[in-house]
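>>> no sequence for this one, just the structure:
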């Protein structure tokens, strides 16, 4: 049973990674990173649950980590918004092209 | 082992100071700069006190809830360098930060700097992998904000690039930690050290994948060679004090994480069973040579310094790959050295950029005659990077080289020598052109504030002292590394 969990979570992690690599939009990249971090925390909970340690301790850890990663994601999204204000697009390749033209 | 309240105080003082700067800083007439300088100076004094205490008792500890904090001679020296460098950064920022970022965000800038210092202290002191990770995340938010503070297009893009890479590294790091938790049921460094070797036989996949993911995650965050692309961007477009934080501290704190993970959790005996060392050695040689060659190609002074940092990260990983006591001492000493020396180089280059409005290397001709102080500081840093005795760079290369020879691998000594030559090739032309060519058209845009002058002199002195007294400093940390390296306080 627990192996099924681990396989599922690993697939989720890889989906997140694929989103980060394949999507040109910065917002989607950030969402992909969110999926990766979420699945990592899920793995922590699943591991603790399967080992019979109970989930109280890892839940507190996961909550703290969610707050920390939430702060990073919020900052990243603010930056995307500002860049969109400058360049009118939120795609990394496009921003890079426009910046080269600026110079 | 002595319990001492000073450990949480070292973390809390800059944290509370940072919050105060955040909320009080906007009030008219509030002495924001002086206050921030005072807080960092207070943290530095506490770090000196910690260093004094651990000289007598070997280790201090304090339990906060379920999180153990502990300091030994090694961590004490790291605390000293982190807080000392922040004092210098704050001194430099006093007169200059208003010229680099919008005045509206200056209180936030100081606040974020202080919270970053608290998080650096937290990573260094805590003895729990998950807590260390959480502090790293705080470091990432603060560093992203410091890069973005300049508010122009390149700075925002660079901050975003950094944050994306850091998040990628964090995701891998948490996954790795989950793998380790699966096989051991704990994040405590000492418990992990005892249970991991047995766990490998039971949950070999989870443990091995966990260790590998921790390494990859940290390699991304520490800008180890093929994953370094964010560093030159962030470094090149941030305000000068932020560049110091990135080059000298942000990269280093991740290395401190890895260093603690390697010598306190994995320990020497276990590392030799893993296929880690060849990978680390190959990547570090790639970083040293690749970073130096890229630095040689740069035309912008700040990007050149950033690629030099990529190469220096390679030195640090080289010592971790060689993995004997001498090389580890060299690595740790290089962490301290590079923080001081690169800090000085960035401050000197930043001052010249502010004074003259020039940032292309080709335009540095003659600036040394016109503005001797920053350029002399730059020269001291450049010579230290090349490894000229008695400056500090020589000492860490010396220990790394001896470590390579002890391991019977003189090829790495050759890499160190080649890289010294490369360092000379990209640093010395700047120095020579600055002093021996002349340019009548240099304009002076502003006066260099006293704080900036004092900060450069202080770092130059630190560089010379770290070089002259390297033997004493390495001797001071040697017992701590020896005890950790041989395993579990034995």
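Perfect, I can see it now. Predicted model, so just to flag it, every value in this text is computed and none were measured. Numbering: from 1, shown residues only, chains lettered A, B, ... in the order given.

>>> next, the contact list for residue B:394, please.
Contacts for residue B:394 (Cβ atoms under 8 Å, 6 or more residues apart in numbering or on different chains) come out as B:384, B:387, B:388, B:467, B:470. From N, CA and C alone the C-beta is placed, and that goes for glycine too.

>>> and those, which are buried?
B:384, B:387, B:467, B:470 (16 or more other Cβ atoms under 10 Å in any protein chain shown).

>>> returning to that earlier point: among the contacts of residue B:394, which one sits closest to chain A?
Nearest to chain A, judged by Cβ to the nearest Cβ, of those is residue B:384 at 33.1 Å.

>>> I'd assumed residue B:391 was in contact with the closest one.
Yes - at 3.8 Å, residue B:384 counts as touching residue B:391 under the criterion of Cβ atoms under 8 Å.

>>> shared neighbours of the two, anything?
B:341, B:463, B:467.

>>> got a markdown table for those residues, with secondary structure too?
Output for the shared contacts of residue B:384 and residue B:391, formatted as a markdown table (DSSP: H, G, I helix; E, B strand; the rest coil):
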| residue | secondary structure |
| --- | --- |
| B:341 | helix |
| B:463 | helix |
| B:467 | helix |
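
>>> adding pLDDT and distance to residue B:176, write the residues you listed out as a markdown table.
A markdown table is the format used below for the shared contacts of residue B:384 and residue B:391 (pLDDT from 0 to 100; distance: Cβ to Cβ, whole Å):
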| residue | pLDDT | distance to residue B:176 |
| --- | --- | --- |
| B:341 | 90 | 32 |
| B:463 | 88 | 36 |
| B:467 | 86 | 37 |
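
>>> and the residue in the stretch 201-350 of chain B that chain A sits nearest to, what pLDDT?
Nearest residue of the stretch 201-350 of chain B to chain A: residue B:206, at 7.7 Å (Cβ to the nearest Cβ). Residue B:206 is assigned a pLDDT of 83 by the prediction.

>>> how about the residues of chain A near chain B?
A:13, A:16, A:20, A:26, A:29-30, A:33, A:36-37, A:39-41, A:43-44, A:47-48, A:50-51, A:53, A:57-58, A:61, A:64-65, A:68-69, A:71-73, A:75-76, A:79-80, A:82-83, A:86-87, A:95, A:99, A:102 (Cβ under 8 Å from any Cβ of the partner chain).

>>> tell me how many other residues crowd the closest residue to chain A within the stretch 1-150 of chain B.
For the stretch 1-150 of chain B and chain A, the shortest gap (Cβ to the nearest Cβ) falls at residue B:137, measuring 3.9 Å. As a burial measure, residue B:137 scores 24 neighbours (other Cβ atoms under 10 Å in any protein chain shown).

>>> which residues are contacting stretch A:93-102?
With Cβ under 8 Å, 6+ apart as the criterion, stretch A:93-102 contacts A:24, A:83, A:87, A:89, B:153, B:154, B:157.

>>> my error: substitute stretch B:262-279 in the last question.
B:127, B:129, B:189-190, B:192-193, B:196-197, B:200, B:208, B:211, B:215, B:320-323, B:328, B:481, B:484-488.

>>> hang on, the earlier thing: taking the residues of chain A next to chain B, please make a PyMOL selection of just the buried ones.
Remark: buried members of these, expressed as a PyMOL selection using 16+ other Cβ under 10 Å:
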select buried, chain A and resi 13+16+20+26+29+30+33+36+37+39+40+41+43+44+47+48+57+58+61+65+68+69+71+72+73+75+76+79+80+82+83+87+95
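
>>> looking at the residues of chain A next to chain B, which are in helices?
The helices, defined by DSSP state H, take in A:13, A:16, A:20, A:26, A:29-30, A:33, A:36-37, A:39-41, A:43-44, A:47-48, A:50, A:57-58, A:61, A:64-65, A:68-69, A:71-73, A:75-76, A:79-80, A:82-83, A:86-87, A:95, A:99, A:102 from the residues of chain A next to chain B.

>>> quick revisit: chain neighbours aside, what residue packs nearest to the residue of the stretch 1-150 of chain B closest to chain A?
Leaving aside its chain neighbours, residue B:137 sits nearest to residue A:68 (3.9 Å; criterion: Cβ to Cβ, 6 or more residues apart in numbering or on different chains).

>>> could you pull up the residues touching that neighbour?
Contacts of residue A:68 (Cβ under 8 Å, 6+ apart): B:134, B:137, B:138, B:141.

>>> repeat for residue B:243
Here residue B:243 is in contact with B:235, B:302, B:305, B:346, B:350 (criterion: Cβ under 8 Å, 6+ apart).

>>> return the residues in contact with the second one.
The one in question is residue B:302. Taking Cβ under 8 Å, 6+ apart, one finds B:235, B:236, B:243, B:346, B:349, B:350, B:353, B:359 in contact with residue B:302.

>>> need the per-residue pLDDT for residue 102.
Here I'm looking at chain A. 74.

>>> that's the other chain; I wanted chain B
On the pLDDT scale, residue B:102 gets 81.

>>> return the backbone torsion pair for it.
phi -70, psi 140 (degrees, to the nearest 10).

>>> what is the burial count for it?
11.

>>> skipping its backbone neighbours, what lies nearest it in space?
Residue B:102 sits nearest to residue B:151 (Cβ to Cβ, 6+ apart), 6.0 Å away.

>>> what sits against the one you found?
B:101, B:102, B:105.

>>> and the residues you listed as CSV, adding distance to residue B:277?
Below are the contacts of residue B:151 laid out as CSV (distance: Cβ to Cβ, whole Å):
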residue, distance to residue B:277
B:101, 43
B:102, 48
B:105, 45
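
>>> distance check, residue B:22 against residue B:16.
11 Å (Cβ to Cβ, to the nearest Å).

>>> actually, residue B:268.
Distance from residue B:268 to residue B:16, by Cβ to Cβ: 39 Å.

>>> close to chain A: what parts of the stretch 151-300 of chain B are there?
Contact residues, the stretch 151-300 of chain B versus chain A (Cβ under 8 Å from any Cβ): B:153-154, B:156-157, B:159-160, B:163-164, B:166-168, B:170-172, B:174-175, B:177-179, B:181-182, B:185, B:187, B:206.

>>> lovely, talk soon.
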